[in-house]
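In: Sharing a model that was predicted from the sequence below.
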Amino acid sequence: DAGVIQSPRHEVTEMGQEVTLRCKPISGHDYLFWYRQTMMRGLELLIYFNNNVPIDDSGMPEDRFSAKMPNASFSTLKIQPSEPRDSAVYFCASSGTSGRNEQFFGPGTRLTVL
Amino acid sequence: AQSVTQLDSQVPVFEEAPVELRCNYSSSVSVYLFWYVQYPNQGLQLLLKYLSGSTLVKGINGFEAEFNKSQTSFHLRKPSVHISDTAEYFCAVTSGAGNQFYFGTGTSLTVIP
């Protein structure tokens, strides 16, 4: 299995632009998580899905952030408009049906907003 | 609600010395506990996990952890560290309900040659 796949690995954009991050979970996993990691705040859970349905989006910082999961093999995290304070590493993770199952993390997308 | 506290933000240790990274959790229900490692510019990788059974759990790269229910702790240990163990270590807890994990703030382990 290729593991969790994220794209792009690096993204540099200018303030005000739209940014779309992509994630392909491990096949057969029905939970998908989006995290943000910064030096100041550490690892923060933004939103997670179960069977493509958003379960908890209380970690999404603002209305500028949105996430979708149109099918079991694809999810997006969109920031519109982007701001410099959105600069961070964004991780996607997936896991199986039981809470006992570990989460498998992707390599992350390093976002820099100028 | 659950939470995880990693008391040490940075731990420097000399090569071949033992190390312990501390993790305490808070939960009103049964928990499952995990340790993850993050090498520079990489995602998080699972080191080990406690689900049930023996309270001493062995993981990859010579790491082990002991679940202590009375002290609500899950400390990570290695008897002899290597330069390649330099990384960020995260403790996490879940109750299984909703599958949400709660991560600690991480401990940066630096192995000094």
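Out: Arrived safely. Numbering: from 1, shown residues only, chains lettered A, B, ... in the order given.

In: so how far is A:Ser75 from the closest residue to B:Leu56 other than its chain neighbours?
Out: Leaving out its chain neighbours, the residue that sits closest to B:Leu56 by C-beta to C-beta, 6 or more residues apart in numbering or on different chains is B:Glu66, at 5.2 Å. (Glycine included, C-beta is placed from N, CA and C.) From B:Glu66 across to A:Ser75, the span is 36 Å (C-beta to C-beta, to the nearest Å).

In: So which bits of chain B are right by chain A?
Out: B:32, B:34, B:36, B:42-46, B:49, B:51, B:90, B:94-101, B:103, B:105-106 (C-beta under 8 Å from any C-beta of the partner chain).

In: Please check the residues you listed and keep the buried ones.
Out: Taking 16 or more other C-beta atoms under 10 Å in any protein chain shown as the criterion, what is buried in these is B:32, B:34, B:36, B:43-44, B:46, B:49, B:51, B:90, B:94-95, B:99-101, B:103, B:106.

In: Of those, which belong to strands?
Out: Using DSSP state E, the members of those that fall in strands are B:32, B:34, B:36, B:44, B:46, B:49, B:90, B:94, B:103.

In: so can I have a markdown table of those showing pLDDT?
Out: Listed next are these as a markdown table, based on pLDDT from 0 to 100:
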| residue | pLDDT |
| --- | --- |
| B:Tyr32 | 91 |
| B:Phe34 | 95 |
| B:Tyr36 | 97 |
| B:Leu44 | 95 |
| B:Leu46 | 95 |
| B:Lys49 | 94 |
| B:Phe90 | 96 |
| B:Thr94 | 88 |
| B:Phe103 | 92 |
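
In: mind checking how far stretch B:9-19 is from the chain centre?
Out: How far stretch B:9-19 lies from its chain's middle: 14 Å, per C-alpha atoms, centre = their mean, to the nearest Å.

In: Just list whatever residues bridge to the residue nearest the centre of chain A.
Out: Central residue of chain A (C-alpha atoms, centre = their mean): A:Trp34, 3.2 Å from the mean position. Beta-bridge partners of A:Trp34, counted by DSSP bridges, are A:Ile47, A:Cys92.

In: gap between it and A:Pro61?
Out: For A:Trp34, the distance to A:Pro61 - C-beta to C-beta - is 12 Å.

In: Between these two, which contacts overlap?
Out: Jointly contacting A:Trp34 and A:Pro61 under the rule C-beta atoms under 8 Å, 6 or more residues apart in numbering or on different chains are A:Leu46.

In: Quick check, pLDDT for the residue sitting furthest away from the middle of chain A.
Out: Using C-alpha atoms, centre = their mean, the residue of chain A lying farthest from its centre is A:Arg100. It sits 21.3 Å away. With respect to pLDDT, A:Arg100 scores 70.

In: element containing it?
Out: Using DSSP states H and E, A:Arg100 maps to neither a helix nor a strand.

In: sorry, back to before: of the buried ones among the residues of chain B next to chain A, which pair is most distant in space?
Out: B:Gly43 and B:Ser95 (23.8 Å; C-beta to C-beta).

In: returning to what we had before: who touches the residue farthest from the centre of chain A in this structure?
Out: Here A:Arg100 is in contact with B:32, B:51, B:94, B:96 (C-beta under 8 Å, 6+ apart).

In: residues contacting residue 20?
Out: Using chain A here. Counting by C-beta under 8 Å, 6+ apart, A:Thr20 has contacts A:76-78.

In: if you could check chain B rather than the one you did, that'd help
Out: B:75-77.
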